[in-house]
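J.: Just to be clear, the model below is a prediction. Sequence and coordinates:
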Amino acid sequence: MREMAPQMYDRASTVFSPDGRLYQVEYAREAVKRGTTAAGLKVMNGVVLLVDKRVTSRLIEAASIEKIFQIDDHIGAATSGLVADARALVDRARVEAQINRVSYDEPIGVEVISKKICDHKQTFTQYGGTRPYGTSLLIAGVEDNIPRLFETDPSGALLEYKATAIGAGRSAVIELFESVYDENMDLDDAIFLGVEALYKAADGKFDPLTLEVGIITVPFKNFRKLTADEVSRFADKIYEKYPKIPEEDKDAKKSDKKSEEKDNDI
């Protein structure tokens with residue numbers, strides 16, 4: 001049998017390369033890495049989801065972009081990657097949640113719904129004529145008064161986290177979480193930490209109007225999104241911690257730097 005050329009191993013999601021890789025799954029992960037930054041944290045009294053929607057044009061209505069979705073009364077999801085793929089998975093998750101309520105007269109478990117979504121994503125790596133979903137979901141909720149946070153991978157892999165992030169700014173967010181995160185912190189502190197992480201991931205190019213935050217608290221088990229005023233309150237604290245440098249000072253620093261470079265050339 002004639003061997004396939006190396007470049008042909010990435011033409012189908014069902015074909016392994018000689019070194020055991022599924023290139024289409026890896027390409028799907030790249031779509032997630034290029035997506036907007038999303039973060040999630042679980043603490044003693046709840047769980048937080050945050051997304052920097054990163055509006056690319058002032059002509060776009062920021063409210064029309066949705067990256068955090070409600071799955072059930074007690075479950076929410078944040079996305080990064082292809083938004084259309086994410087919407088399809090969110091719709092499927094909502095249907096699964098309603099089927100569970102009708103069948104068993106009880107809300108679906110956070111882990112159960114996460115596994116169902118991952119099982120569905122995994123099938124798209126096994127059958128011909130399909131492609132993997134180019135999106136990852138952070139699925140968060142409260143189950144038996146315990147906050148839960150899961151990440152679904154394009155391959156169908158499922159991991160539970162205390163705090164994590166997906167998207168373009170993942171490395172910067174994880175770096176901050178690893179040094180500051182404490183699972184015993186208050187929910188407000190967790191929201192502030194999440195907002196701070198997105199601020200750092202964006203290198204300070206931060207607009208509270210494009211920041212989406214969803215929370216589920218342990219006592220009430222109800223998912224809700226923070227209002228613009230609530231988000232602005234946390235953003236103001238960020239600006240207090242990281243004061244903006246006036247444009248005049250920035251220009252002065254640039255001029256000083258150019259002068260130093262000229263002196264060095266001389």
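T.: Done, it's in. Numbering: from 1, shown residues only.

J.: contacts, neighbours, all on C-alpha from now
T.: Will do.

J.: Let me know the pLDDT of the closest residue in space to residue 90 that isn't next to it in sequence.
T.: Distances taken as CA to CA, 6 or more residues apart in numbering put residue 71 closest to residue 90, at 6.8 Å, once the chain neighbours are dropped. pLDDT for residue 71: 98.

J.: Would you mind naming the residues that bridge with residue 81?
T.: For residue 81, the beta-bridge partners are residue 135 (DSSP bridges).

J.: Quick check, central residue of this structure?
T.: The residue lying closest to the centre of the chain (CA atoms, centre = their mean) is residue 38, at 2.5 Å.

J.: in the chain, which spans are helices?
T.: With DSSP state H as the criterion, the chain has helices at 23-33, 83-104, 110-123, 170-180, 187-201, 228-241, 247-265.

J.: can you list these in TSV and add mean neighbour count?
T.: Converted to TSV, these look like this (neighbours: other CA atoms under 10 Å):
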stretch	mean neighbour count
helix 23-33	21
helix 83-104	16
helix 110-123	19
helix 170-180	16
helix 187-201	22
helix 228-241	14
helix 247-265	11
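
J.: and the ones you listed, which one is worst for confidence?
T.: Ranked by mean pLDDT, the helices of the chain bottom out at helix 247-265, which scores a mean of 48.

J.: And stretch 214-221, what's buried?
T.: Within stretch 214-221, the residues that count as buried by 16 or more other CA atoms under 10 Å are 214-218, 221.

J.: ok, back up a step: show me the contacts for the residue nearest to the centre of the chain.
T.: Residues in contact with residue 38 (CA atoms under 8 Å, 6 or more residues apart in numbering) are 49-52, 78-80, 138, 165-167, 170.

J.: One more: residue 218?
T.: Residues near residue 218 by CA under 8 Å, 6+ apart: 44-46, 142, 145-147.

J.: what's the offset of stretch 49-64 from the middle of its chain?
T.: Distance, stretch centre to chain centre, for stretch 49-64: 14 Å (CA atoms, centre = their mean, to the nearest Å).

J.: List the ones among the buried residues of stretch 214-221 that fall in strands.
T.: Within the buried residues of stretch 214-221, residues falling in strands by DSSP state E are 214-217.

J.: just the contacts of residue 218 now: which is nearest residue 100?
T.: Nearest to residue 100 out of these is residue 142 (CA to CA; 16.3 Å).

J.: is it true that the closest one touches residue 217?
T.: Yes: between residue 142 and residue 217 there is a contact under CA atoms under 8 Å: 7.4 Å.

J.: still on that earlier bit, the residue nearest to residue 90 and residue 92 touch, don't they?
T.: No: if you go by CA under 8 Å, residue 71 and residue 92 don't touch, sitting 9.3 Å apart.

J.: if I pick residue 94, what's in contact with it?
T.: By CA under 8 Å, 6+ apart, residue 94 lies in contact with 71-72.

J.: Repeat that for the one 10 residues further on.
T.: Shown in contact with residue 104 (CA under 8 Å, 6+ apart): no residues.

J.: go on, the one 3 residues further on?
T.: Shown here is residue 107, whose contacts under the criterion CA under 8 Å, 6+ apart are 72, 97, 100-101.

J.: Can you check which residues contact both of residue 142 and residue 217?
T.: Common contact partners of residue 142 and residue 217 (CA under 8 Å, 6+ apart): 46-47.

J.: circling back: looking at the contacts of residue 38, which has the smallest pLDDT value?
T.: Minimum pLDDT across those falls on residue 52, with 94.

J.: Any idea how many residues pack against the closest residue to it other than its chain neighbours?
T.: In this structure, residue 52 finds its nearest non-sequential neighbour in residue 211, 4.8 Å apart by CA to CA, 6+ apart. The number of residues packed near residue 211 is 23, by other CA atoms under 10 Å.
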